[in-house]
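Visitor: need coordinates for the following:
(2 chains)
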There are 2 protein chains.
Amino acid sequence: MNLLRGLTVLIATAVWCLTAAADTALRGTGDLGVIIERADGSACIISTTERAILSCVDGLGDLSHASAVFSPDQRYAYIFGRDGGLTKLDLLERKIAKRVIQGGNSIGGAISDDGTLVAVSNYKPGGVKVFDATTLEQIADIPATYGSEGKLSKTVGLVDAPGRRFVFTLYDAGEIWMADFSKPGAPAITKLGTAGKLPYDALITGDGRHYIAGLFGEDGLAHVDLWAEEPVIERILDGYGKDDPAMPVYKMPHLEGWALAGDKFILPAVGHPELLALDAVTFKEAGRVKVHSQPVFAIARPDGRQVWVNFAHPKNDTVQVVDVPSLKVVHEFKPGPAVLHMEFTPRGHEVWVSVRDADRVDIYDARSFEKRGELSLRKPSGIFFAARATRTGL
Amino acid sequence: MNLLRGLTVLIATAVWCLTAAADTALRGTGDLGVIIERADGSACIISTTERAILSCVDGLGDLSHASAVFSPDQRYAYIFGRDGGLTKLDLLERKIAKRVIQGGNSIGGAISDDGTLVAVSNYKPGGVKVFDATTLEQIADIPATYGSEGKLSKTVGLVDAPGRRFVFTLYDAGEIWMADFSKPGAPAITKLGTAGKLPYDALITGDGRHYIAGLFGEDGLAHVDLWAEEPVIERILDGYGKDDPAMPVYKMPHLEGWALAGDKFILPAVGHPELLALDAVTFKEAGRVKVHSQPVFAIARPDGRQVWVNFAHPKNDTVQVVDVPSLKVVHEFKPGPAVLHMEFTPRGHEVWVSVRDADRVDIYDARSFEKRGELSLRKPSGIFFAARATRTGL
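Guide: Numbering: from 1, shown residues only, chains lettered A, B, ... in the order given. From the prediction side, this is the model:
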């Protein structure tokens, strides 16, 4: 009987071992990523090398407008849901490692440059919460208090800045704040001042120097040079839309895609069918590009030579590619209904495009524009590659 | 007897399984790297998260002047030895996956933007050989033939350019060539022209646009804008050293460390105790910085705000840190005898410094300059983090 039991245990061990080996074979993580299946609360783990879906993981809650950041070892994705859920997803074991509901309504987050802190931007309660990246235990709560009545502002445009800092914008208060975690204990909060009316999103440049917030309530943007001894907010591109008739805004553009492309920043105009080019040194307008419709994302290919653009409903079946030196549209194609997001491989040889209403993600050669593959997913939206772990502001 | 044999097999399986699990536990690879132990032909695999050596792997041959690139999944390092050895190192299994002797004397290499091709720069036989990144089978041989007698030139400054291209410089011929593997079959070779006398090293900027070769035989550098319709070689910084008395050159500087820092490139002068600042748009001189001695590496912190510099023998115990906007030395310290190399974590929170003759690698906070750790290694030289897989030109 003992012999039998021993045998059973041994057999079970051997079987477990072989099964485990198949499920979780050794593999690098630098080529992994996640794609959000928004309608199903699911995140699919993909490999850019294999151009394949490895596994989809359910149970992540409301993933409308979800985004993701990655741990420095590129094993874990932190996924920010709309319902205040913060999920740590293990890309190797292909399961949820940890999940907390940290707020009532949230929008995006960031991971500190040392990979130890994950910050979440909350609409409700308005402010930013910061968590230990390993345990997801709360480290700090930063209520976005403003005015004399102690109201809490929604926060947007939360990004990592070098030196264990986070920068974010108060939508209702129209302010920009910085939280510095470089010293032990409570973070040092610096209120940088007033950005303008209804800042709706923001970005930080890849070098962590420039923070730029888009304004929905005014015709211009707010810019902070974080390298300055005393960073101050300056208005840029004031009145950029004043000569055009005001148009209904079908979808607010995303600013995260803005990128330095050569010596210009290219960014989507709000409510106008054009991109704005901004001189990267003077921050003055350096040209415009008429595009297909109201742009949503204008994402620079990693070499900065081209910018890929998708568009707001109802003209969201199209992608245009803009050549940066000449500011001309050099390619246009129609992947299908509801092109929601695009993500480049880190050195820019391929780009993945989510076509939500075709339940498909397309993979293109980013230079020849040839299609290299396609994957079936359920209403795919955001695409996030683990190489973001190596970049500031992504 | 059959039962016993069965039991033995089961026990062996279970033991193997547990041992294998301990040796090769699941882990991400984004925070891994290798440090060359030059004297011992060994590469040590490290974790930047743990600030620890995971394992050292011997048998890599002559590793003087060795360098490494990484596969897109960040599981494999390709290590280029001086003896023509090309070694594919498995960072997870911590062993040599494959090794070939591909030439008689070689100096550095590169991996294509799609991660499928590994190219090696050879002194003997002079030229570039290209290998399949998976199998290390030879894909292409590009002899660097020049002159009427069919001589072969040593090649240097081999880098990856976007679009499955490699750019390299012919030391003896003074030429710059490009090999384009974007189409199936043999590569298209473009001879870009004459760079000048004795080009000794080169770099490509992080956006893959500018290729710059340093000249040992002339007082200036050669620059190519790879975005041009017909790229041509132009001389820049002509006569930058002409007002200074010629000094013996203790060690040729490395150019790979050059980086865009804000709106300037900072690069080490040859034979002079100074750095040159180059305007990133006009490529004209934008200032100089007097430093401790003849610089070897001038490496920009990833945010570009500061440049860290080490020096040639006999003054190689020192590191200086230069603030880029003001072009002033803001910090100096002496880690110990023979500081050979420095490598930043990808978002720049820490920097690893090899101090060869102290048999030590030091880890510093890259902003406060506080020491965060130190590791014992045998005569450490080059330090290479796997995040290089996500960057052009590294």
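
Visitor: dump stretch A:54-71 to PDB, restricted to CA.
Guide: C-alpha atoms of stretch A:54-71 as PDB (Å, rounded to 0.1, in the frame of the first residue of the first chain):
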ATOM      1  CA  LEU A  54      -0.300  33.000 -26.300                       C
ATOM      2  CA  SER A  55      -3.300  33.200 -24.000                       C
ATOM      3  CA  CYS A  56      -6.200  35.400 -23.000                       C
ATOM      4  CA  VAL A  57      -6.900  36.100 -19.300                       C
ATOM      5  CA  ASP A  58     -10.400  37.000 -18.200                       C
ATOM      6  CA  GLY A  59     -11.700  38.700 -15.100                       C
ATOM      7  CA  LEU A  60     -10.100  42.200 -15.400                       C
ATOM      8  CA  GLY A  61     -13.300  44.100 -15.000                       C
ATOM      9  CA  ASP A  62     -14.300  47.200 -17.000                       C
ATOM     10  CA  LEU A  63     -11.600  47.700 -19.600                       C
ATOM     11  CA  SER A  64     -13.000  50.600 -21.500                       C
ATOM     12  CA  HIS A  65     -10.200  53.000 -22.000                       C
ATOM     13  CA  ALA A  66      -7.800  50.600 -20.300                       C
ATOM     14  CA  SER A  67      -4.000  51.000 -20.500                       C
ATOM     15  CA  ALA A  68      -1.000  49.100 -19.300                       C
ATOM     16  CA  VAL A  69       2.600  49.600 -18.000                       C
ATOM     17  CA  PHE A  70       5.200  46.900 -17.400                       C
ATOM     18  CA  SER A  71       7.700  45.900 -14.700                       C
END
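
Visitor: my guess is residue A:322 meets residue A:329, correct?
Guide: Yes - applying C-beta atoms under 8 Å, one finds residue A:322 in contact with residue A:329, separated by 5.6 Å. Using the backbone N, CA and C atoms, a C-beta is placed for each residue, glycine as well.

Visitor: list the residues that contact both of the two?
Guide: The contact sets of residue A:322 and residue A:329 overlap at A:289, A:291 (C-beta atoms under 8 Å, 6 or more residues apart in numbering or on different chains).

Visitor: so for the two, which sits in the more crowded spot?
Guide: residue A:322 (24 against 17; other C-beta atoms under 10 Å in any protein chain shown).

Visitor: what bridges to the residue nearest to that one when sequence neighbours are not counted?
Guide: Distances taken as C-beta to C-beta, 6 or more residues apart in numbering or on different chains put residue A:307 closest to residue A:322, at 4.6 Å, once the chain neighbours are dropped. In this entry, residue A:307 is beta-bridged to residue A:300, residue A:322, by DSSP bridges.

Visitor: ok, residue A:307 - contacts?
Guide: Counting by C-beta under 8 Å, 6+ apart, residue A:307 touches A:259, A:261, A:266, A:275, A:298, A:299, A:300, A:301, A:321, A:322, A:324.

Visitor: with residue A:77 instead?
Guide: So residue A:77 contacts A:34, A:43, A:68, A:69, A:70, A:71, A:88, A:89, A:91, A:384, A:386 (C-beta under 8 Å, 6+ apart).

Visitor: for chain B, see how far away residue A:33 is.
Guide: Distance, residue A:33 to chain B, using C-beta to the nearest C-beta, to the nearest Å: 12 Å.

Visitor: equivalent analysis for residue A:340, please.
Guide: Where chain B is concerned, residue A:340 sits at a distance of 24 Å (C-beta to the nearest C-beta).

Visitor: what's the weakest-modelled helix or strand in chain A?
Guide: helix A:2-23 (a mean of 54; mean pLDDT, DSSP states H and E).

Visitor: past it, which element shows up next along the chain?
Guide: Downstream of helix A:2-23, the next assigned helix or strand under DSSP states H and E is strand A:32-37.

Visitor: using CSV, list the CA coordinates for whichever helix or strand comes after that next one.
Guide: Downstream of strand A:32-37, the first helix or strand assigned by DSSP H and E is strand A:42-47. In CSV, the C-alpha atoms belonging to strand A:42-47 read as follows (Å, rounded to 0.1, in the frame of the first residue of the first chain):
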residue,chain,number,x,y,z
SER,A,42,-10.0,40.2,-21.0
ALA,A,43,-6.3,40.8,-21.7
CYS,A,44,-4.6,38.7,-24.3
ILE,A,45,-0.9,38.0,-24.0
ILE,A,46,0.9,38.1,-27.3
SER,A,47,4.4,37.4,-28.7
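
Visitor: strand A:42-47 pairs with which strands, and in what direction?
Guide: strand A:32-37 (antiparallel), strand A:52-57 (antiparallel).

Visitor: each with direction, which strands does the helix or strand containing residue A:129 pair with?
Guide: Assessed by DSSP H and E, residue A:129 sits inside strand A:127-132. Paired neighbours of strand A:127-132 in the sheet (DSSP bridges): strand A:117-124 (antiparallel), strand A:138-143 (antiparallel).

Visitor: list the buried ones in the first one?
Guide: Of the residues in strand A:117-124, those with enough neighbours to count as buried (16 or more other C-beta atoms under 10 Å in any protein chain shown) are A:117, A:118, A:119, A:120, A:121, A:122, A:123.

Visitor: one more: the last one?
Guide: Of all the residues in strand A:138-143, those buried under the rule 16+ other C-beta under 10 Å are A:139, A:140, A:142, A:143.

Visitor: what is the very next helix or strand once past it packed up against?
Guide: Counting by DSSP H and E, the next helix or strand C-terminal to strand A:138-143 is strand A:145-146. Helices and strands touching strand A:145-146, as assessed by 3 or more C-beta pairs under 8 Å, 6 or more residues apart in numbering or on different chains; DSSP states H and E, comprise strand A:151-152.

Visitor: what pairs with the strand it packs on, parallel or antiparallel?
Guide: Here, using DSSP bridges, strand A:151-152 pairs with strand A:145-146 (antiparallel).

Visitor: quick one on the thing from earlier: run through who's touching the strand holding residue A:129.
Guide: Taking C-beta under 8 Å, 6+ apart as the rule, strand A:127-132 contacts A:86, A:100, A:102-103, A:116-122, A:137-145, A:152-153, A:155, A:158, A:166, A:168, A:179, A:181, A:187.

Visitor: need the residues of the stretch 101-250 of chain A near chain B, please.
Guide: By the rule C-beta under 8 Å from any C-beta of the partner chain, the part of the stretch 101-250 of chain A lying against chain B is A:113, A:114, A:115, A:160, A:162, A:163, A:164, A:182, A:207, A:208, A:209, A:227.

Visitor: neighbour count, pLDDT and secondary structure for those residues - can I get that in JSON lines?
Guide: Below are those laid out as JSON lines (neighbours: other C-beta atoms under 10 Å in any protein chain shown; pLDDT from 0 to 100; DSSP: H, G, I helix; E, B strand; the rest coil):
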{"residue": "A:113", "neighbour count": "27", "pLDDT": "98", "secondary structure": "coil"}
{"residue": "A:114", "neighbour count": "22", "pLDDT": "98", "secondary structure": "coil"}
{"residue": "A:115", "neighbour count": "25", "pLDDT": "98", "secondary structure": "coil"}
{"residue": "A:160", "neighbour count": "27", "pLDDT": "97", "secondary structure": "strand"}
{"residue": "A:162", "neighbour count": "25", "pLDDT": "97", "secondary structure": "coil"}
{"residue": "A:163", "neighbour count": "20", "pLDDT": "97", "secondary structure": "coil"}
{"residue": "A:164", "neighbour count": "20", "pLDDT": "98", "secondary structure": "coil"}
{"residue": "A:182", "neighbour count": "17", "pLDDT": "97", "secondary structure": "coil"}
{"residue": "A:207", "neighbour count": "22", "pLDDT": "90", "secondary structure": "coil"}
{"residue": "A:208", "neighbour count": "25", "pLDDT": "93", "secondary structure": "coil"}
{"residue": "A:209", "neighbour count": "19", "pLDDT": "93", "secondary structure": "coil"}
{"residue": "A:227", "neighbour count": "17", "pLDDT": "94", "secondary structure": "coil"}
